[in-house]
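> sharing a model prediction with you, sequence too.
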Amino acid sequence: MRWISHIAIAGAITAVFNPLAVPAAVAGSTAPDWLEIVLRPFSKRKIQHRGFTHYLVYWIAAMLFAHFVWDWRGMLFWFAFGGFVHWFCDALTITGAPVSPWSTRKTQIFGGRLRTGSPAEYVIAFVIVFICGIVIYTKTRSDGYIPFFTNWPGLYQDGTIDAVEWRRERFSWF
């Protein structure tokens, strides 16, 4: 899958559980690809795409480590979760994704019928983002708070903010 799909899916799923962790998940969702580029000058062997940075066991181990051993404000877990989402998205494609360093095979989920960059990829990403958007909308509090979308006119009418702050923020979407 393309980076935009990785980012959209990981960001949407993370926003359902922890909106503040979306940047960490987005960075993690692209990490398997940019780690290949960053580590290339330091490697003695040629680093191939969907190689060791894409191993599922590494991302699951990082999530378990972050959950049970040490995690700085939950960000390491969500970063590793983004890497897991990247692996899952790549496993949907024809090429597949590797599970562990002990196997040379690449796993394909649902038969690997998806081609990278095809319209089906964007449909899948849109459907996941749409479903997560519905979940976020239904999780709103009784006062109408939706993460990332502040109701500036409502805050002004309620007297929570003054006119100066309302004028400054009224066109801010996020």
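Done, it's in. Nothing here was measured: the structure is a model prediction, and the numbers come from that model. Numbers count the residues shown, from 1 in each chain.
> who touches the residue nearest to Asp162 when sequence neighbours are not counted in this structure?
Distance criterion C-beta to C-beta, 6 or more residues apart in numbering; nearest residue to Asp162, sequence neighbours excluded, is Tyr156 at 7.8 Å. Using the backbone N, CA and C atoms, a C-beta is placed for each residue, glycine as well. By C-beta atoms under 8 Å, 6 or more residues apart in numbering, Tyr156 lies in contact with 162-163, 165-166.
> the helices in the chain, which residues?
Remark: helices assigned in the chain by DSSP state H are 3-17, 22-39, 56-68, 75-91, 119-138, 152-158, 163-169.
> figure out which of those is closest to Arg45.
Across those, Arg45 has its closest neighbour in helix 22-39 (10.7 Å, C-beta to C-beta).
> got the angle between that closest one and helix 56-68?
140 degrees (axes from the mean of the first three to the mean of the last three C-alpha atoms, to 10 degrees).
> who are the packing partners of helix 22-39?
Contact partners of helix 22-39 among helices and strands, from 3 or more C-beta pairs under 8 Å, 6 or more residues apart in numbering; DSSP states H and E: helix 3-17, helix 75-91.
> about what we covered before: so which of the contacts of Tyr156 is the most crowded?
Trp166 (15 neighbours; other C-beta atoms under 10 Å).
> I'd guessed that one sits against Pro153; true?
Yes - Trp166 is within contact range of Pro153, at 7.4 Å (criterion: C-beta atoms under 8 Å).
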